[in-house]
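Participant: pasting the structure only:
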DNA sequence: CTGAAAGCGCTTACAG
DNA sequence: CTGAAAGCGCTTACAG
């Protein structure tokens, strides 16, 4: 890494300049900066005025060096990046986390670790203390990064339940099973009885839970489970398209399909359209996520809304609490059925 | 901001531990860390072995404190965030920049400044030296942030030409005008003569240039410009839909339309479909960007590919060069016509 | 080529 | 409530 100082920047004012301007010691300035405890109102005021006058901004490197904290948070994306970037949910999550952190004046470092090599490098970087905590977004959850970070004692909160780590790692997730149950119940309420499903990956909590919800409701309704009506996808649009083609071949009488993500549902719509099936007349289609994809497709998708705003806000809240010394926690948030044109 | 040290992290090894392990002074370790100049091969080797053995990772805060560099780069998004996050191009750009930077082991800080208040706060943060340079992504380009950062001497490269700042600020952009020319020429080559356009915002370089290209080619082909065939949008899907409706009302005989972004083109497709016009039989539709939206829509869009991978790579290259002391530079990259189903 | 030393800007016990 | 002082982990002239 080679970076030199740039041309035009003049040396910013230091705590020393502020102290001189305010006529107090540097210690007092620091105390004002750190909450104003044990500082007389007069000194307090003088320092604040001096800060305004000098345009002082704390040097975080100096502060971090002594406190041992970095005052920044990492947003870590492991595993296939393309998929996440293709997924509109990712945007909402990233934006939500950035904003929630900005409210605390904490910068967010974006970290991508798609290869094992990068994952090793990033893990070292993190465990060296360059961020105070990590927001982990990973699709497949046999993900070793979560375990490594947990072992190193790095505060961590995952988006979705990390399989295999139980409640030792904090996570925030929507209630996938309940959402799936709502959707399948909705499809049955329409009178459909040949309800197919395109699942998510089965090494993913969402993938597992949504399938479980589907099976439960079918069983409760006394509808026999037909293996030909279940195919698996990987959350990508392409896998939805392929999945629908398989379903059509295996179970031509399918009259509804629950698809574990809106993106896959877009693919399903494409395949159905090509096969000449009308949606929702011939086949009702239910998605999951309520992502922008849901209203971008035609017909617009009936889907299950994941509360992304709350998810990101909770992830940040739990992480900050954990950095503050609290124990890990799991937060499960309710979903909501959004009825549109596809059912 | 209140963040306490977390439970399990033990104190990481310092340069002092490495020096002891290697049997050299701390200065020598530092020299190895910073390029290995003026270090004997023997010392070099001993230090490297000690680094491996101790698992040493440099403390960036200490380094930054003394060098005055932060060894990190900011990715700054000003103006309406929703639009950018909705825009698939944003993802590609963000990912490309993150990866290009990762190759230099430089972390990327994501900064969102949608309100004037946030913009002020971020500007202070940046000018205080917390990042070495800024990758600026802003739609409307009367954007005061670019000017403020330039004045403060912060190395900066914009995505797209910042209006009003001339070549004082580095930027990387696709050749918008040339791309637009290619598309309109393509539409004319299909025999269409009533070619409409949905423009981008006219306070945006891309918005201006793409319209200019459209007008140029029409003039060159001897096709009179019809004001009824030109409406303006804001790059959002919704504005494309509304724009197409206006065009249909003003110029029902329109047989082709050039839309300044794929996202708007999706909206155009929706409106055309609703009006019962077949694409491309009745109306040929050309987009711009070659974003994921282009293949997600049906029919798939003929469009102009922006070389996003190269754009992000060049942005990073130019920024690092500028941080290294070079003067600002503008880089214009060629576009490419991608023929699909909509023309 | 190498070590001893100063110093980056801050925070935090420690005396008062 | 406040100042003087030590020290966080590193880099970089400065002597040798």
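Facilitator: Yep, that arrived. No experiment lies behind these values; they were computed from the predicted model shown.

Participant: in terms of helices and strands, where is residue A:96?
Facilitator: Per DSSP states H and E, residue A:96 falls inside helix A:88-102.

Participant: for that helix, give the mean pLDDT please.
Facilitator: Average pLDDT, helix A:88-102: 87.

Participant: residues contacting that helix, please?
Facilitator: Helix A:88-102 is contacted from outside by A:73, A:75, A:84, A:107-108, A:110, A:135, A:137, A:159, A:262-263, A:289, A:291-293, A:306, A:308-309, A:311-313, A:315-317, B:81, B:85-86, B:90-91, B:110, B:112, B:118, using CB atoms under 8 Å, 6 or more residues apart in numbering or on different chains. Yep, even glycine has a C-beta here, placed from its N, CA and C like the rest.

Participant: looking at these, which are in strands?
Facilitator: Among those, the residues falling in strands (DSSP state E) are A:73, A:75, A:108, A:110, A:135, A:137, A:159, B:110, B:112.

Participant: and the furthest pair within those?
Facilitator: Farthest apart among the ones in strands among the contacts of helix A:88-102 by CB to CB are A:159 and B:112. That separation is 18.9 Å.

Participant: now the contacts of helix A:88-102: which count as buried?
Facilitator: Neighbour counting over the contacts of helix A:88-102 (16 or more other CB atoms under 10 Å in any protein chain shown) leaves A:73, A:75, A:84, A:107-108, A:110, A:135, A:137, A:159, A:262-263, A:289, A:291-293, A:306, A:308, A:311-313, A:315-317, B:81, B:85-86, B:90-91, B:110, B:112, B:118 as the buried ones.

Participant: beyond the helix or strand containing residue A:266, next helix or strand please.
Facilitator: Using DSSP H and E, residue A:266 maps to helix A:262-274. As assigned by DSSP H and E, the chain's next helix or strand after helix A:262-274 is strand A:284-286.

Participant: quick one: buried residues of that following strand?
Facilitator: A:284-286.

Participant: say whether chain B is contacted by it.
Facilitator: No. Remark: strand A:284-286 sits outside contact range of chain B, by CB under 8 Å from any CB of the partner chain, the gap being at least 15.0 Å.

Participant: packing partners for that strand?
Facilitator: Helices and strands touching strand A:284-286, by 3 or more CB pairs under 8 Å, 6 or more residues apart in numbering or on different chains; DSSP states H and E, are helix A:176-189, strand A:256-259, helix A:262-274.

Participant: which residues does that strand contact?
Facilitator: Here strand A:284-286 has contacts from A:183-184, A:186-187, A:190, A:192, A:255-259, A:265, A:268-269, A:272, A:279, A:301-304, A:342-343, using CB under 8 Å, 6+ apart.

Participant: so which strand or helix has residue A:198?
Facilitator: Assigned by DSSP H and E, residue A:198 belongs to strand A:195-199.

Participant: residues near whatever residue of the stretch 201-343 of chain A ends up closest to chain B, how many?
Facilitator: Nearest residue of the stretch 201-343 of chain A to chain B, counting by CB to the nearest CB: residue A:323, 4.8 Å away. For residue A:323, the neighbour count with other CB atoms under 10 Å in any protein chain shown is 22.

Participant: next one: the one 4 residues further on
Facilitator: By the measure other CB under 10 Å, the count of residues near residue A:327 is 10.

Participant: for residue A:184, see how far away the residue in the stretch 101-250 of chain A positioned nearest to chain B is.
Facilitator: Per CB to the nearest CB, the residue of the stretch 101-250 of chain A with the smallest distance to chain B is residue A:153, at 2.1 Å. Using CB to CB, to the nearest Å, residue A:153 is found at 41 Å from residue A:184.

Participant: neighbour count: these two, which is higher?
Facilitator: residue A:184 (26 against 14).

Participant: so for that one, what's the pLDDT?
Facilitator: The model reports residue A:184 with a pLDDT of 98.

Participant: which element, helix or strand, includes the closest residue to it other than its chain neighbours?
Facilitator: Ranked by CB to CB, 6 or more residues apart in numbering or on different chains and with sequence neighbours excluded, the top spatial neighbour of residue A:184 is residue A:217, at 4.2 Å. Per DSSP H and E, residue A:217 falls inside helix A:205-220.

Participant: now do residue A:319
Facilitator: helix A:308-323.

Participant: quick one: list the elements packing against that helix.
Facilitator: Partner elements for helix A:308-323 (3+ CB pairs under 8 Å, 6+ apart): helix A:88-102, strand A:133-137, strand A:156-159, strand A:170-174, strand A:330-333.

Participant: next, the buried residues of the third one.
Facilitator: Just to be clear, that refers to strand A:156-159. Buried residues in strand A:156-159, counted by 16+ other CB under 10 Å: A:156-159.
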